[in-house]
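Novice: one predicted model, sequence on top.
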Amino acid sequence: MAAAPSSLDLFCVGLNHETSPLAVRDALVLDDEEVGRALHALRERGGVTEALILSTCNRTEVYARGTAIENPQAFVAALLREIKGMDLTGKEGRFLYTYREPDSLRHLFRVACGLDSQVLGEPQITGQVKDALSLAVKLGGSGPVIERLLDAALRSAKRARTETLVGRGPVSSAYAGVNLAAKVLGSLADKRVLLVGAGEMASLAARHFQEAGVTQFMVANRGRERAELFAATIGARVVTLEAIPVVLAGADVVVSATASPAPIIAEAAVRNAMRIRKNRPLLFLDLAVPRDVEPSIARLPNVFLHDLDALGMLVAQSLAQRHAEIPKVEAIIEEELARFLRWHRSLALKPTVAAFRSHFERVAREEMERHKGRFRPEDQAALDQLVHGIVQKLLHRPTTRLTRAGEENAEGIARIDAIRDLFGIEGAGGGAAGDGDADAGEGDADAHRNPR
Amino acid sequence: MSAFIPLLTTLLPVLYGLAVAGYVRIYVAEPGPDQETFGHHWAPLMLRAAVVTHLLYLTSRGIVEGHLPLASVYDFLSATGLSLAAVYWFLELRQGIRTTGVFVLPLVLLIQIVSSAYGAEAPTLKPQLQPIWFELHTLTAVLGYGAFAVSAIYGILFLLLYHDIKANRMTFFFRRMPPLETLGRMNVSAAGAGLLLLGLAILMGVGWARLAGVSLLSDPKTWLTVGAWMVLGFAVLAYYRLGWRGPRAVYASLAGFTTLLLSRVATDFLHSFHTFR
C-alpha cells in the first residue's frame, strides 16, 4: 500500500520534419484504415491501455499508455515496417525519437500549439490533432485519460491562439502580399485582382485573396487551357498576356508569378493604365524570379511594386514576432499541463474517498439496522435522513481536504494511505493513479472498482 | 460658477494628459490577438471626459463673462484645442482607428497647458468683437482651424506611410498605421468638416462686415483665408468628384492648410482688419 507517484505511463514515438526527410515522412503517412490497424496492434500485442496516432505530412507520432512494452521505439518501428513496409529498425532508426513522461506530455502540448511545426504557430496542426483524437475515439483506441489529455492540449492551443501572437502575421510571400494590399487599399472586398500566371504561386495568392474577401479575378497566362482551368476554380475571367496593358487599368492588384525570362509588364503600359484609372493606387506583387515587372514602375506615383525580397522582409518580421511569443505559449502549456496533472492525480483519490465515505455510511446503516426495533416505523424515514445528514456533515471537511491534498502533490497521496490505514479501508485501488472518469460521484460504492 | 472655473482650468490638462498617456500606450503596445490593450479602454474614456469637461469649461466661462470665451489668444488656443480633440474623436468613432491619437492629442495637451497656465485672467472683450455674429464668426473659424489641423496631421501621416510602403520600409510606424486608404479618407473627412466650418465663418464675417460698414476687400487676411478655403475646397472636391487619391490629393489639402497658416501670419505682419490691436 505504498504511495506511488502519479504516472500516466505515456510514451511517444515518432518522426517529424526535423528528424526525417520528406520522402520518409511521405512514405509513413497513415490513412484511417492503417491507423486502425496500428491501434489494434498496440492494444492487442503491446498491451497498451490507450493510444493515439497523429499522422500528417510533417509528422507521424504514436502516443500510447502502458508499461508492457519494454522498448517502445523498437515496437513502433516494427509496427510501421509491418504496415508501411519501411524499415526504421537499422540505420534509419535515427529518424525516430522517443519521449517518455514528462517529456511525452509536454511534446504533445507543443505539437498541438504549433510550436513543433515547420511553420511556427501554423493553425492546421490543431485541427489535425483534433482529427487524430476523433479517429482514435471512433476506432476505440483512446480512453478517458488520453481524451482528457488531448482536451487540455487543445485548450492550450486555443489559448495560444487567442492570448499570444504566435499565430499572427504572414508566413508566406503570397500571404504577405495580401497583407500589403490591405495596408495600401484598405478593404479588399470590392477590389479587382489580375493574376499573371496560372501556377502554384498564383493559385496560392488567389486563395489568400479570396480569404480576404476578393471576388473579382482576372487570369492572364501564356497557355490558354491552363488559364481556363485555373480561372474556373476561382471564378475568374481569362485574358491573354497581350491584353494585360488593356486590363491593367481595371485592376487594383496585379500578382505576377510566371517563368518568363524577361519582364512582361512594362513601364509604358503601367503609365498608360494609371492615366486611364485617374491615378488610383495600383499594387504590383511580383512573385516571379526573374522578375515579371519592370522595376522602374516603382517610381510612378501611386504605383506600389513589391517583389519577393520585399515580401520576404514582411515574412521575416512576422516569424521573428512569432518566435518572441514562444515563452508565452510555453507558460500556457505549463499551466494547462499542471491542471491536467492535478486532475490525473485526483483519479487516485476517487476510490479512496468513495471507500472512506462508504465505510462511514455502512457503519451508520449497520447501527440503524441494529437499533431498528427501538423506533416507530413511521419515524424510520426521518431517522434515516438524520443519520445520513450527520454522516455527510462529518465527512465533508475530511473528504474535501483529502481531495485537495491529493491533487496538489505526492505528499497528499501519502496522507491518503494514512487515512486508509487508519480506517482499515481495503481494496480500493491503492494510492497510485487509477484511470477512469474523474467525475464519478463521491460516495458511489461502484467507484471502488479500478476502471481498468 | 466662477469658483468652479479654476478647477476646470486645472482639470483639463490633467484629463488630456491621461488621454495622451493612453493613446501612447495604444500606439506603442503591439496589438494583442484580440487587438485590445488596457489603453484601448481607458484612453477613449479619458478623451471623452476631457472633451466634455472642455465644453463645460468654455460654457461656464461664457456664462460668467457674458460672451463667448474667445477674447484672448489663450482663449483661441483653448477653443482650437477643443476643436482638434472633437474632430479627432469624431474620426475615431467613424473609422474605429485608435493608433493615430498619439499624433493629434499631444498637440491638444500642449495647447491646453499653455492656455490653462497663462489664460487665467478673463480679458475684456474688445468692442469690435462684441456683436454675436462676430462671436459666432470667430467660433466657427476657430473650430474650422482645428479641423484643418487634424486634416493636415492625417495628410502628413499619409505621406510618411506612403513613402515607407513605396520604399519597402516595413517599420514600426508601418505596422501601427491604418491602411493608406483610411488615412487618406481621414485627411479628407477632417478637411471637409473644416471647409464647412470655415465657410460658415467666412459667410458670417462678410455678413457682419456689411452690416457694420467695414470693407474687407483690402484686408489681406480675408483674401488669404478665402484663397485657402478655395484650395481646400478643391482638394475635397477632387477626392469626391474627380477620384483623386494618393499624395496629389493630400498635397492639395496641405497646400490649403499652409495658406490658412499664412493668412494667420499675415494678420501679424501685414496691415489687417483682423489684427484687433
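Specialist: Arrived safely, thanks for sending. Residues are numbered from 1 along each chain as shown, chains lettered A, B, ... in the order given.
Novice: show me the chain divided up by domain.
Specialist: No chain specified, so I'll use chain A. A:10-167, A:173-316, A:344-448 (automatic domain parsing).
Novice: the chain in question should be chain B.
Specialist: B:1-124, B:126-277.
Novice: closest one to chain A among those?
Specialist: domain B:126-277 (3.8 Å; CB to the nearest CB). To be clear about C-beta, it is placed using only N, CA and C from the backbone, and glycine gets the same treatment.
Novice: any idea of the mean pLDDT for that closest one?
Specialist: If you average the pLDDT over domain B:126-277, you get 84.
Novice: circling back to that earlier point, turn the domains of chain B into JSON lines, columns for mean neighbour count.
Specialist: Listed next are the domains of chain B as JSON lines, based on neighbours: other CB atoms under 10 Å in any protein chain shown:
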{"stretch": "domain B:1-124", "mean neighbour count": "18"}
{"stretch": "domain B:126-277", "mean neighbour count": "19"}
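Novice: okay, these in CSV with distance to residue A:63 next?
Specialist: Below are the domains of chain B laid out as CSV (distance: least, CB to CB, whole Å):
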stretch, distance to residue A:63
domain B:1-124, 28
domain B:126-277, 39
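Novice: distance to chain A added to the ones you listed, as TSV?
Specialist: Listed next are the domains of chain B as TSV, based on distance: least, CB to the nearest CB, whole Å:
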stretch	distance to chain A
domain B:1-124	5
domain B:126-277	4
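Novice: one step back: chain B: which of the domains of chain A is closest?
Specialist: domain A:173-316 (3.8 Å).
Novice: do me a favour and get the end-to-end distance for the closest one?
Specialist: 10 Å (CA to CA, to the nearest Å).
Novice: what does chain A put close to chain B?
Specialist: A:161-165, A:167-168, A:180, A:182-186, A:278-281, A:298, A:301-302, A:304, A:306, A:309-310, A:313-314, A:317, A:321 (CB under 8 Å from any CB of the partner chain).
Novice: rewinding a little: looking at the domains of chain B, which is nearest to residue A:219?
Specialist: domain B:126-277 (25.2 Å; CB to CB).
Novice: rewinding a little: closest one to residue B:106 among the domains of chain A?
Specialist: Nearest of the domains of chain A (CB to CB): domain A:173-316, 24.9 Å.
Novice: just how off-centre is that closest one within its chain?
Specialist: The chain centroid and the centroid of domain A:173-316 are separated by 34 Å under CA atoms, centre = their mean, to the nearest Å.
Novice: do the same with stretch A:357-374
Specialist: With CA atoms, centre = their mean, you get 52 Å for stretch A:357-374.
Novice: now it: buried residues?
Specialist: A:357-361, A:364, A:368 (16 or more other CB atoms under 10 Å in any protein chain shown).
Novice: what does stretch A:103-119 give?
Specialist: A:104-117, A:119.
Novice: average model confidence for it?
Specialist: In the prediction, stretch A:103-119 has an average pLDDT of 94.
Novice: so what touches that stretch?
Specialist: By CB atoms under 8 Å, 6 or more residues apart in numbering or on different chains, the residues outside stretch A:103-119 that reach it are A:8, A:10-12, A:16-17, A:54, A:58-59, A:61, A:63, A:99, A:120-123, A:125-126, A:129, A:149-150, A:152-154, A:156-157, A:160, A:166-167, A:171, A:326, A:329-330, A:332-333, A:336-337, A:340.
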